[in-house]
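1. have a look; sequence and predicted model below, questions after that.
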Amino acid sequence: MRKLISFCSSDAHEDHDKTTEPIPKRHLKTYTLNGIGGPSNSPKSNAKFQNSSHTIRLDLPKYMGGADSAPQPVEHLLSALVGCTHATALFVARNMKPSIIIDRIEFELTATRDNRGAVKLPIVPNKMDTPAGVVPSRVQCVSGTVLVLVADGEVINDDQLKMLREQTELRCPVANMMISSGCDMTNVIWVTR
């Protein structure tokens with residue numbers, strides 16, 4: 001049996017020492033899926049989640065050999081960032097003292113990555129010092145605005161908005177993963193009106 005290990009950090013925005021404390025089973029949330037990817041001439045793929053029975057369809061743009069019939073994988077990552085940030089912000093807002101009743105959150109985000117990290121040739125086994133190896137293939141930057149609109153009669157002050165943003169970024173698994181990969185999200189500005 002494999003031992004699950006937690007790599008904990010007190011601050012997701014800084015490099016940190018990794019610990020090897022096991023995660024107690026009662027705290028684990030597991031996601032199980034089955035995925036199928038098509039052949040080179042039809043690079044569509046599906047992922048079906050066992051926990052919820054939902055299926056996600058993915059494709060590539062036509063210029064990359066796909067049919068452009070579904071969002072590409074990075075677009076799914078960014079929609080996961082929006083959905084996870086939204087769900088986490090609602091949880092944080094409900095549990096702040098005093099609590100904040102959010103009417104809705106609107107996202108206008110732009111993500112940037114250097115495509116050479118994914119498609120640069122030649123592909124050479126075990127050679128990270130090749131041109132493809134020096135350019136990370138991750139999303140390198142996300143910028144834009146997160147507009148938090150509160151329910152009628154509610155007010156959110158600057159300190160509450162700052163706490164909502166900070167606690168959401170620390171608690172959102174997708175944002176955490178992206179920030180830990182080196183993605184710069186410091187230009188995502190949270191505002192209200």
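-> Looks like it came in fine.
2. would you mark the buried spots in the helix or strand of the chain with the lowest mean pLDDT?
-> In the chain, the helix or strand scored least confidently by mean pLDDT, DSSP states H and E is helix 116-119, which has a mean of 81. Along helix 116-119, the positions that meet the burial threshold by neighbour count (16 or more other Cβ atoms under 10 Å) are Gly117. Where C-beta positions appear, they are placed from N, C-alpha and C, glycine not excepted.
3. tell me what that helix is packed against?
-> Other helices and strands packing on helix 116-119, by 3 or more Cβ pairs under 8 Å, 6 or more residues apart in numbering; DSSP states H and E, are absent; none qualifies.
4. following it, which helix or strand shows up next?
-> Helices and strands here follow DSSP states H and E; after helix 116-119, the next one along the chain is strand 141-150.
5. show me what that next one is in contact with.
-> Judged by Cβ atoms under 8 Å, 6 or more residues apart in numbering, the contacts made with strand 141-150 from elsewhere in the structure are 78, 81, 85, 89, 100-112, 156, 161, 164-165, 178, 183-185, 187-193.
6. centroid-nearest residue for this protein?
-> Most central in the chain under Cα atoms, centre = their mean is Val174, positioned 3.2 Å from the mean C-alpha point.
7. hmm, that residue is touching Ala80, no?
-> Yes: counting by Cβ atoms under 8 Å, Ala80 is a contact partner of Val174 at 4.9 Å.
8. which residues in the protein form helices?
-> 73-95, 116-119, 158-171, 173-180 (DSSP state H).
9. distance of the nearest residue to Gln50 once chain neighbours are set aside relative to Leu77?
-> By the measure of Cβ to Cβ, 6 or more residues apart in numbering, the closest residue to Gln50 outside its immediate chain neighbours is Thr32, 4.1 Å from it. Using Cβ to Cβ, to the nearest Å, one gets 19 Å for the distance from Thr32 to Leu77.
10. go on, Ile23?
-> Noted for Ile23: a distance of 24 Å to Leu77, by Cβ to Cβ.
11. on that earlier part again, got a list of what the nearest residue to the residue nearest to the centre of the chain once chain neighbours are set aside touches?
-> For Val174, the nearest residue in space outside its immediate sequence neighbours is Cys84; the separation is 3.9 Å by Cβ to Cβ, 6+ apart. By Cβ under 8 Å, 6+ apart, the contact list for Cys84 reads Cys172, Pro173, Val174, Ala175.
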